[in-house]
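**Q** Structure for the following, please:
(one chain, ligands or ions: 1)
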Amino acid sequence: MKISPSAIPDVLVIEPQVFRDERGFFYESFNERRFAELTGLRPQFVQDNHSKSLHNVVRGLHYQVGCAQGKLVRVTTGAIFDVVVDMRRGSPTFGRSGTIELSADNHLQLWIPPGFAHGFLVTSDVAECVYKTTDYWSPQHERTLLWNDPALGIDWPVDGEPIVSAKDKAGVPLAQAEAVA
Ligand SMILES: Cc1cn([C@H]2C[C@H](O)[C@@H](COP(=O)(O)OP(=O)(O)O[C@H]3O[C@H](C)C(=O)[C@H](O)[C@H]3O)O2)c(=O)[nH]c1=O
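**A** Next up is the predicted model:
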């Protein structure tokens, strides 16, 4: 397993060691001891999520206030353009976005600390995204940042009009968004 920093300090890119043979491949998708050795972090995950999305779907940008979730995200089918935005009040990178391709082929994972909005665009025909969270989903604490707010400066590689939920279409621009204390 290799850990590399991303454009935003604290957001980490994880490249697992993949063992391939004539049958296929095997890799440890999470190892608490190894993760702690390499990052100094011991996130306590309480929830595993799995979503499947069609081509050109955008999900997000979601975050929680009061019970912010850290997330360990990977893709098991297809590929996504994954996006994080720093929503931590007082952060020197507040409002800064980071993007990365996560795919079933590259096996990359993203560690997103609590306090970040997260979302993605599906760039393959279909994509399955699985991720662990360090706190429970809480609808009343969930906030939606407008995914295509020009102030975020995110160059989404959309294929025409993306498929976006009503909730996400009603997202809040960064200038009006609630920060995470
Ligand atoms: C997030 C969540 C949702 N739900 C239910 C609520 C809805 O009935 C249904 C779909 O929820 P939603 O449209 O919010 O799903 P996504 O748009 O994939 O939300 C996720 O989008 C971005 C990518 C994230 O990083 C978040 O983890 C998460 O907010 O699942 C649950 O029962 N538990 C949950 O933890």
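**Q** Show me which residues of the helix ranked longest in the chain are buried.
**A** Once the chain is assigned using DSSP state H, the helix that runs over the most residues is helix 32-39. Buried residues in helix 32-39, counting neighbours by 16 or more other C-beta atoms under 10 Å, are found at residue 35. C-beta here means a position set from N, CA and C on the backbone, and glycine is covered the same way.
**Q** Send me that helix as PDB with only the CA atoms.
**A** Below are the C-alpha coordinates for helix 32-39, written out as PDB (Å, rounded to 0.1, in the frame of the first residue of the first chain):
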ATOM      1  CA  GLU A  32      -6.400  -0.700  10.000                       C
ATOM      2  CA  ARG A  33      -2.900  -1.400  11.200                       C
ATOM      3  CA  ARG A  34      -1.300  -0.600   7.900                       C
ATOM      4  CA  PHE A  35      -3.400   2.500   7.400                       C
ATOM      5  CA  ALA A  36      -2.400   3.800  10.800                       C
ATOM      6  CA  GLU A  37       1.300   3.000  10.200                       C
ATOM      7  CA  LEU A  38       1.300   4.900   6.900                       C
ATOM      8  CA  THR A  39      -1.000   7.800   7.900                       C
END
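**Q** Average pLDDT for that helix, rounded please.
**A** The average pLDDT within helix 32-39 is 96.
**Q** Give me the buried positions along the helix or strand that comes right after it.
**A** Along the chain past helix 32-39, the next helix or strand (assigned with DSSP states H and E) turns out to be strand 47-54. Within strand 47-54, the residues scored as buried using 16+ other C-beta under 10 Å are residue 53.
**Q** Could you check which helix or strand contains the residue in the chain positioned nearest to the ligand?
**A** Shortest the chain-to-the ligand distance, computed as C-beta to the nearest ligand atom: residue-wise this is residue 137, at 3.0 Å. Per DSSP H and E, residue 137 falls between elements, in no helix or strand.
**Q** For the residue positioned nearest the centre of the chain, what is the enclosing helix or strand?
**A** Nearest residue to the geometric centre of the chain (C-alpha atoms, centre = their mean): residue 118, 4.7 Å. Applying DSSP H and E as the criterion places residue 118 in strand 116-122.
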